[in-house]
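J.: give me the fold of what follows.
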Amino acid sequence: MMPKLIVASSLIALMFCGFLVNVANPSSPNGYYIGYHLSFSTTITNKGSSLVYVAKNKLTDPTIFLFPNDTVQTVLLVSSSHSINADVDRDGNRIGILKVEESLRPGQSITIDVQFRVDLHLTLERRLEWKPSLEYSSSGHKQQIPRELVDRYCVSAGPWKINDSSPSWLSVRRLALELASNETNVLAALMRLTEWIGQNIKYPTARRDHIQSPDETLSSREGDCDEQANLIISFCRILGIPAYLQCGCVYLPSRVDKGSKFNGRLSFDLDRLGWHAWAMIYVPPWGWIPVDMTMGYSREYPLLAVEGAAVETLSTVVSNNLVVTDYISETNLAAEQLGRTDVYVEEKESMKPTGISPEYQATPSMQATTIALMGFGVVVVAAYLTARFTTKNRLKRNQ
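T.: Purely as a prediction, here's the structure:
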């Protein structure tokens, strides 16, 4: 999806998350990578009788995320239907503002297309097993967390209104303190929060037009990927453990998702792509680690929320971080406004594999899998499942 299109639509897609420039030939230090082609197309149509200003609604505002580049992923913008001005948003994400018409006359429409090339690299931190191993005895304590991180990532900001005096937010605060206030070992405190959410918050059975705030998730006892992540982020910030939300798209080989939202004003067509979100938590001495409650967590082994997080696989592209922006209130308001207009938004998105490094194919652990499964998309998913299988077996051997 695209503009605050990719911004808006990735936020909208977070409600759906159901199952959810750099170099010409990028490669990782060891040469292992898997490549993808990302395609985002958005058509905005004014079916009303008055002028519509595109940038006035977050769901039509023509801004895209320019995906981050680091040792884990390399993303190249390969084409765009309109010229782009690069900028940085409030959360520090690289964004691109597309130069489109400021307004649409009655009956007029505009289509915006953006294409990216992605290479996801196999690194020391992104193996089939979590490296380094997480052990409670090795975890640091709260007093070891740098003060500057506490000042930035433990404040009441964005959707994490931890100092709100309303009864619903006081309930969030009381529960966080009840669960882990006396635990100074950061990993142990985090796992108490993870276990409680895993045992008490269910994934919703139906889609909603409304994104829940963390206090609403606690009250309803249900939440999708970002809603569960936002609740654990709230708990952590209350306890003085730095936390923020990270988002991205996941390659889902056999998934096609079509539908509409907001009185039919927004329609979507997702081809092998699912938007996802997870919490990033600072745990000394390891630093920032992912906590994925919907694609990683296991009741039998809560640490799998970290070790089995979708972002640790070669099928997830990180798009952006949310640190201070209240995307929930902004998106819910934009959705209400869009539902009352005669503006229609059609979004088409796809994520297709383009290649796999010969070195990766040739590794002994992958040879048999590649030959047996005879399908690239299945190989990616197999790597993800192998990580879970290996971790669970290790746990059983240690029992």
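
J.: quick one: residue 282 and residue 154 touch, right?
T.: No: Residue 282 is beyond contact range of residue 154, at 9.4 Å (criterion: CB atoms under 8 Å). (C-beta placed from N, C-alpha, C; glycine too.)

J.: joint contacts of those two?
T.: Shared contacts of residue 282 and residue 154 (CB atoms under 8 Å, 6 or more residues apart in numbering): 241-243.

J.: ok, the host helix or strand of residue 254: who's next to it in the sheet?
T.: Using DSSP states H and E, residue 254 falls within strand 243-261. Strand pairing for strand 243-261, determined by DSSP bridges: strand 266-283 (antiparallel), strand 316-322 (antiparallel).

J.: let me know the pLDDT of the residue of the chain positioned farthest from its centre.
T.: Most distant residue from the mean C-alpha position of the chain: residue 49, 37.4 Å away (CA atoms, centre = their mean). pLDDT recorded at residue 49 is 93.

J.: could you dump the strands paired with strand 243-261 to a markdown table with distance to residue 180, mean pLDDT and mean neighbour count?
T.: Shown next, in a markdown table, are the strands paired with strand 243-261 (distance: least, CB to CB, whole Å; pLDDT from 0 to 100; neighbours: other CB atoms under 10 Å):
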| stretch | distance to residue 180 | mean pLDDT | mean neighbour count |
| --- | --- | --- | --- |
| strand 266-283 | 12 | 96 | 24 |
| strand 316-322 | 23 | 97 | 23 |
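
J.: so where is this protein shaky, pLDDT-wise?
T.: For the chain, the stretches with pLDDT under 70 are 1-31, 124-132, 359-399.

J.: which residues does the residue positioned nearest the centre of it bridge with?
T.: The residue lying closest to the centre of the chain (CA atoms, centre = their mean) is residue 247, at 2.1 Å. Under the criterion DSSP bridges, residue 247 forms beta bridges with residue 277, residue 320.

J.: before we move on, the earlier item: let me have the strands paired with strand 243-261 in TSV, extended by distance to residue 193.
T.: Below are the strands paired with strand 243-261 laid out as TSV (distance: least, CB to CB, whole Å):
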stretch	distance to residue 193
strand 266-283	9
strand 316-322	19
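
J.: among those, which comes closest to residue 253?
T.: Among the strands paired with strand 243-261, strand 266-283 comes nearest to residue 253, with 6.1 Å by CB to CB.

J.: surely the residue farthest from the centre of the chain touches residue 341?
T.: No: using CB under 8 Å, residue 49 makes no contact with residue 341, being 11.2 Å away.

J.: element containing the closest residue to the residue farthest from the centre of the chain other than its chain neighbours?
T.: Leaving aside its chain neighbours, residue 49 sits nearest to residue 106 (5.2 Å; criterion: CB to CB, 6 or more residues apart in numbering). Assigned by DSSP H and E, residue 106 belongs to no helix or strand.

J.: what number of residues lie near residue 106?
T.: Under the neighbour criterion other CB atoms under 10 Å, residue 106 is assigned a count of 12.

J.: what's the answer for residue 331, then?
T.: Close neighbours of residue 331, defined as other CB under 10 Å, add up to 21.

J.: wouldn't it be in contact with residue 58 here?
T.: Yes: counting by CB under 8 Å, residue 331 sits close enough to residue 58 to count as a contact (6.2 Å).

J.: picking up where we left off before, wait, is the residue farthest from the centre of the chain part of a strand?
T.: No: counting by DSSP: H, G, I helix; E, B strand; the rest coil, residue 49 falls outside a strand, being coil.

J.: next, work out how far apart it and residue 32 are.
T.: Distance from residue 49 to residue 32, counting by CB to CB, to the nearest Å: 56 Å.

J.: which residues in this structure form strands?
T.: Ranges of strands in the chain, per DSSP state E, are 33-46, 52-53, 63-65, 73-80, 84-88, 94-98, 103-104, 109-121, 243-261, 266-283, 287-291, 316-322, 343-356.

J.: in a markdown table, list the ones you listed along with distance to residue 195.
T.: Putting the strands of the chain into a markdown table (distance: least, CB to CB, whole Å) gives the following:
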| stretch | distance to residue 195 |
| --- | --- |
| strand 33-46 | 33 |
| strand 52-53 | 48 |
| strand 63-65 | 33 |
| strand 73-80 | 30 |
| strand 84-88 | 37 |
| strand 94-98 | 36 |
| strand 103-104 | 50 |
| strand 109-121 | 30 |
| strand 243-261 | 17 |
| strand 266-283 | 14 |
| strand 287-291 | 12 |
| strand 316-322 | 24 |
| strand 343-356 | 32 |
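
J.: out of these, which gets nearest to residue 177?
T.: Nearest to residue 177 among those is strand 243-261 (15.7 Å), distances taken as CB to CB.

J.: the inter-axis angle of that closest one versus strand 33-46?
T.: Between strand 243-261 and strand 33-46, the angle comes out at 50 degrees (axes from the mean of the first three to the mean of the last three CA atoms, to 10 degrees).

J.: list the buried ones in strand 243-261?
T.: By 16 or more other CB atoms under 10 Å, the buried positions in strand 243-261 come out as 243-253, 255, 257, 261.

J.: same thing with stretch 151-160?
T.: Across stretch 151-160, burial judged by 16+ other CB under 10 Å covers 153-154, 157-160.

J.: any idea how far that stretch is from the middle of the chain?
T.: Put simply, stretch 151-160 sits 18 Å off its chain's centre (CA atoms, centre = their mean, to the nearest Å).
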